[in-house]
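[1] Compute the structure for the input listed below.
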Amino acid sequence: MSLLQRLEMRQGQSLVMTPQLLQAIKLLQLSQLDLAAYVDAELERNPLLERAEAEPSEGPAEGAEPAAETFEGAAEWTAAEVDPGRGEIDGDFDARLDNVYPDDAPSPIRETATGDMLSLTPAPYGSTGGSFDSEAPDFEATLTVETSLREHLGRQLDLATRDATDRLIGGFLIDAVDEAGYLRESIDAVAERLGASLDRVAGVLKLVQSFDPAGIAARDLAECLAIQLREQNRFDPAMQALVSRLDLVAKRDFSALRRLCGVDDEDLVEMLAEIRRLDPKPGRAFGSSGVEVLIPDVFVRAAPDGSWLVELNGEALPRVLVNQSYYARVVRGAKAEGDKAFLSEALQTANWLTRSLEQRARTILKVATEIVRQQDGFFVHGVAHLRPLNLKTVAEAIGMHESTVSRVTSNKAIGTSRGTLEMKYFFTAAIPGAAGTAAHSSEAVRHRIKQLVDGETSDDVLSDDALVQKLRGEGVDIARRTVAKYRESLRIPSSIERRRERYAQGGMQPGAMMAR
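    Residues are numbered from 1 along each chain as shown. I've put the predicted structure just below:
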């Protein structure tokens, strides 16, 4: 075998993932918050990018090009559209109506007529005539800082003891309390770490557990409930026995609870009602993170002809401009090759970002429009009319790759008349129909199971087998284990537990309890 060197030409196809392509793919699957953070970082990094200000009276910067054109169906509001006469008024008076002149505020002077004399006296502070310092905010308006759980407990500790050692131990215990109000570190570990005796740490813990809110610094749920019951003077032997077997309470094994507590049915019902009124997470009122509102990327509303209008949420779209005039001015004065290369790269990156944002918005609108077309029954009639839908169906309908549709639907939401829902909500598995009928959406079947359970009576509690028979009678071919899985996902107890609960509430007789 001879080794030869020769030149050959071969033709082939390969996918080259450039850095720009990788960033465009990443940009497509970002949520609104992540996208806003990414755009803010690019604005700080790139001198040729600037944010498009929504000022109707001022046009874009000289030489600037918009990042994206107005998409079909996307609403863009300007002050002239809201108030058509505002521009004429501004032009006539050479002033804007939204200007505020704090220096021209009414003088804090009160006019008082006394006979034929008119006296001018200062108006009292805080009256409608003004104040001594018109720019000083109201004192109550500055009280906006919420007290955290640690601060709330720390203040009580300062008032409860003056001993420096107890304060040190108490502060350490307070730091170990989580957001729910539970102590997540054992007192043995605390005593070893601080070099204190176990009895002293236990005593300080008992002191902290007496603080407000009741049940704080408990080590488990039973201790949390016991602390609250002691404060209400309701921790008698029967209640103590009930709290010690919360596992039986969760199983709704009321016959075992009656024997354990030594009470009758009426007393047990009252005891369980007291347990339900307690707070299992006493610390959740302090230091809880704010609820994040799901902002829709796309709005869906009904058209007059009965169809659906799909439009982008213009407020959620970041808008940036490429300042071409600034680039032309700076590049003329650049002498060094490094400066020219930096400006050229900045211009290329800015143009790429504006095109990527435009393409991202178009792709989201295209995918959302197809989802609305596929799930038309949901928007008209509700959850019960959801159709089985997968990514492949949408991808084939709009001529895109399945992975692209998956990225578009991640972290995106659609605003509908039935609420704001994630795009992933509309993709559900298919459950075959009985006797060759059309398949059903798993979400619609889950909704139907909840309706059947909600419609139960005290004498007729549906078992999983009974739910299967009812669903098959409605044309849904479903297995019993699937019904059990959907029931558990809806946090619906089993039929035995539901019977026990109704029996405890006085809605059934003991003889009506039967196995599922």
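[2] wait, residue 176 sits on residue 190?
    Yes. Using C-beta atoms under 8 Å, residue 176 makes contact with residue 190 at a distance of 7.2 Å. For glycine as for every other residue, the C-beta is placed from the backbone atoms N, C-alpha and C.
[3] Please say which of the two ends up with more neighbours.
    Comparing residue 176 with residue 190 by neighbour count (other C-beta atoms under 10 Å), the higher total belongs to residue 190, at 20 against 16.
[4] Where does the closest residue to the more buried one other than its chain neighbours sit: helix, strand or coil?
    Closest residue in space to residue 190, ignoring its immediate chain neighbours: residue 201 at 5.3 Å, by C-beta to C-beta, 6 or more residues apart in numbering. Judged by DSSP: H, G, I helix; E, B strand; the rest coil, the three-state class of residue 201 is helix.
[5] Same question for residue 179.
    Recorded secondary structure, residue 179: coil (three-state DSSP).
[6] I figured it hits residue 284, correct?
    Yes. Assessed by C-beta under 8 Å, residue 179 is found in contact with residue 284 at 6.8 Å.
[7] quick one, strands of the chain?
    For the chain, strands defined by DSSP state E occupy the ranges 49-51, 64-66, 109-114, 117-122, 298-302, 308-312, 320-323, 413-416, 419-422, 430-431, 440-441.
[8] how much space between the residue nearest to residue 190 and residue 211?
    Note on residue 201: its distance to residue 211, by C-beta to C-beta, to the nearest Å, is 16 Å.
[9] so where do the helices sit in the stretch 251-400 of the chain?
    Here the stretch 251-400 of the chain has its helices, by DSSP state H, counting those that start in this stretch, at 254-261, 265-277, 324-333, 337-374, 376-381, 391-398.
[10] ok, the spatially closest residue to residue 479 that is not a sequence neighbour - how many residues close by?
    Counting by C-beta to C-beta, 6+ apart, residue 468 is the residue found nearest to residue 479 once chain neighbours are left out, at 7.4 Å. Neighbour count of residue 468, defined by other C-beta under 10 Å: 20.
[11] Please apply the same query to the one 3 residues further on.
    As a burial measure, the neighbour count of residue 471 was computed by other C-beta under 10 Å and equals 21.
[12] could you list every residue that touches it?
    For residue 471, the contact set (C-beta atoms under 8 Å, 6 or more residues apart in numbering) comprises 445, 448, 449, 478, 483.
[13] just wondering, since we're on it, how far is it from residue 432?
    12 Å.
[14] try residue 450
    Distance from residue 450 to residue 432, counting by C-beta to C-beta: 21 Å.
[15] Can you pull out the low-pLDDT segments for the chain?
    1-2, 15-18, 20, 53-145, 287-292, 434-437, 503-516 (pLDDT under 70).
[16] Let me have the helices of the stretch 251-400 of the chain in TSV, extended by mean neighbour count and distance to residue 169.
    Listed next are the helices of the stretch 251-400 of the chain as TSV, based on neighbours: other C-beta atoms under 10 Å; distance: least, C-beta to C-beta, whole Å:
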stretch	mean neighbour count	distance to residue 169
helix 254-261	16	36
helix 265-277	14	31
helix 324-333	13	62
helix 337-374	17	55
helix 376-381	15	58
helix 391-398	17	56
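[17] Tabulate those helices (a markdown table), appending distance to residue 215.
    Conversion of the helices of the stretch 251-400 of the chain to a markdown table gives the following (distance: least, C-beta to C-beta, whole Å):
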| stretch | distance to residue 215 |
| --- | --- |
| helix 254-261 | 21 |
| helix 265-277 | 12 |
| helix 324-333 | 62 |
| helix 337-374 | 46 |
| helix 376-381 | 43 |
| helix 391-398 | 47 |
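[18] out of those helices, which comes closest to residue 220?
    Proximity to residue 220, assessed across the helices of the stretch 251-400 of the chain by C-beta to C-beta, is greatest for helix 265-277 (14.7 Å).
[19] CA-only coordinates of that closest one in PDB, if you can.
    Below are the C-alpha coordinates for helix 265-277, written out as PDB (Å, rounded to 0.1, in the frame of the first residue of the first chain):
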ATOM      1  CA  ASP A 265     -68.300  12.100  66.500                       C
ATOM      2  CA  GLU A 266     -69.500  15.600  67.400                       C
ATOM      3  CA  ASP A 267     -66.400  16.400  69.500                       C
ATOM      4  CA  LEU A 268     -64.100  15.000  66.800                       C
ATOM      5  CA  VAL A 269     -65.700  17.200  64.100                       C
ATOM      6  CA  GLU A 270     -65.200  20.300  66.400                       C
ATOM      7  CA  MET A 271     -61.600  19.400  67.100                       C
ATOM      8  CA  LEU A 272     -60.800  18.900  63.400                       C
ATOM      9  CA  ALA A 273     -62.500  22.300  62.700                       C
ATOM     10  CA  GLU A 274     -60.200  23.900  65.200                       C
ATOM     11  CA  ILE A 275     -57.100  22.300  63.600                       C
ATOM     12  CA  ARG A 276     -58.200  23.700  60.200                       C
ATOM     13  CA  ARG A 277     -58.500  27.200  61.600                       C
END
